[in-house]
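K.L.:
the following block contains a protein sequence and its predicted model.
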Amino acid sequence: MLFRPSPIVCAKKPSSTLWLARQARDPYVRLRSSPHPSAGGVAYRSRSAFKLLEMNDKWAMRFLDYPDVRVVLDLGSAPGGWSQVAARKLGWDPQPARMREAKTPYPRADGSDGDRGTGSWSARARPPSRDDDLPANANPVDISDLENHAGGTGGMGLGRGTIIAVDLLRMTPIPGVQFIQADFLAPDTEELIRSIIAHRTGDGDDAKADVVLCDMAANLTGTHYHDMEASLTICTSVLEFCKRHMRSAESIGRQLGGVLLMKHFVHPALHVFRTEILATRFTDVRFLKPHASRPESNEGYFICRGWKS
Ligand SMILES: C[S@@+](CC[C@H](N)C(=O)[O-])C[C@H]1O[C@@H](n2cnc3c(N)ncnc32)[C@H](O)[C@@H]1O
């Protein structure tokens, strides 16, 4: 007897069919899945990477390109597209050492050459997956082993400066990026970030960030009011963080130095937040909606340059 799947089990919900159709049409989804020259020949981990590239490169903001940019924070970093862009901009080699190894013969325990000539991943030299991004016993908030962790050079090309990425979720390592798995809104996280900047730069109490990127988005609850408030809470917390930890334009000697790029969602208080709060703290504040941001999404970005301290 032929097995006929039940139509109830097989039927796709209209919403998932629409989602699949949208993904298939989306040029950024297609771009994301292939190695990209601007990512040093590796694929970007998120379609969000193209938003950051657009805001930095295409609109000539170039806030990541100045040689005086020494410390970049990526808040809400997972899966890592923005960190990849930042790492590349600061000159870190995106090809992990074990990826390069995988293209060369990988010796087997029996002494034979293993994968000679295939260029494929062996079980021992495979790209890191989400499950092996950190050692099982690693404490994501322990900074005592910084040099050997994701942010250490680990045999990769040396870039300049420090990139610190923070997310609630785990993130596969990126050369040059120090990842902290933590809630940015939790009271201890700020001090942890500050101490890592101090440790990496050797600046002690003067440790500051030059560029703060925030793509954080709280999980949607479905309650419009609650979701709007959560977005504004993130924006105000990030600004409070900048008040204590951003390097001022004056101290760099560059008028538009000290940059905050921050995602936000529609909120009735946003205009006031921009004009009465952001605009008093930064020399130049603009609203951006990159093409890579879906038109139907309520998200937008503030690019704020020239921190006045
Ligand atoms: C849109 S994703 C970021 C994508 C990222 N920019 C990229 O290019 O891959 C938003 C991220 O914000 C993180 N997030 C939300 N609230 C957070 C919080 N309080 N602390 C840390 N991360 C948070 C989420 O876990 C999620 O990974």
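P.N.:
Yep, that arrived. Residues are numbered from 1 along each chain as shown.
K.L.:
switch to C-alpha atoms for all contacts and neighbour counts from now on
P.N.:
Will do.
K.L.:
mind checking the SS state of residue 261?
P.N.:
Three-state assignment for residue 261 (DSSP: H, G, I helix; E, B strand; the rest coil): strand.
K.L.:
what bits of the stretch 151-300 of the chain have low per-residue confidence?
P.N.:
151-157 (pLDDT under 70).
K.L.:
gap between residue 225 and the ligand?
P.N.:
Separation of residue 225 from the ligand (Cα to the nearest ligand atom, to the nearest Å): 17 Å.
K.L.:
confirm that residue sits in a helix?
P.N.:
Yes. Counting by three-state DSSP, residue 225 is part of a helix.
K.L.:
tally of neighbours for it?
P.N.:
By other Cα atoms under 10 Å, 10 other residues sit near residue 225.
K.L.:
do residue 233 as well
P.N.:
Residue 233: 14 neighbours (other Cα under 10 Å).
K.L.:
what about the helices in the stretch 151-300 of the chain?
P.N.:
187-201, 224-245, 249-252, 270-272, 279-281 (DSSP state H, counting those that start in this stretch).
K.L.:
for the second one, name the packing helices and strands.
P.N.:
In other words, helix 224-245. Helices and strands touching helix 224-245, as assessed by 3 or more Cα pairs under 8 Å, 6 or more residues apart in numbering; DSSP states H and E, comprise strand 259-265.
K.L.:
ok, and what's touching the strand it packs on?
P.N.:
With Cα atoms under 8 Å, 6 or more residues apart in numbering as the test, strand 259-265 has contacts from 63, 210-217, 228, 231-232, 235, 298-307.
K.L.:
so what's the residue count around residue 252?
P.N.:
Neighbours of residue 252 (other Cα under 10 Å): 15.
K.L.:
can you name the residues that contact it?
P.N.:
By Cα under 8 Å, 6+ apart, residue 252 lies in contact with residue 68.
K.L.:
state the distance from it to residue 195.
P.N.:
21 Å (Cα to Cα, to the nearest Å).
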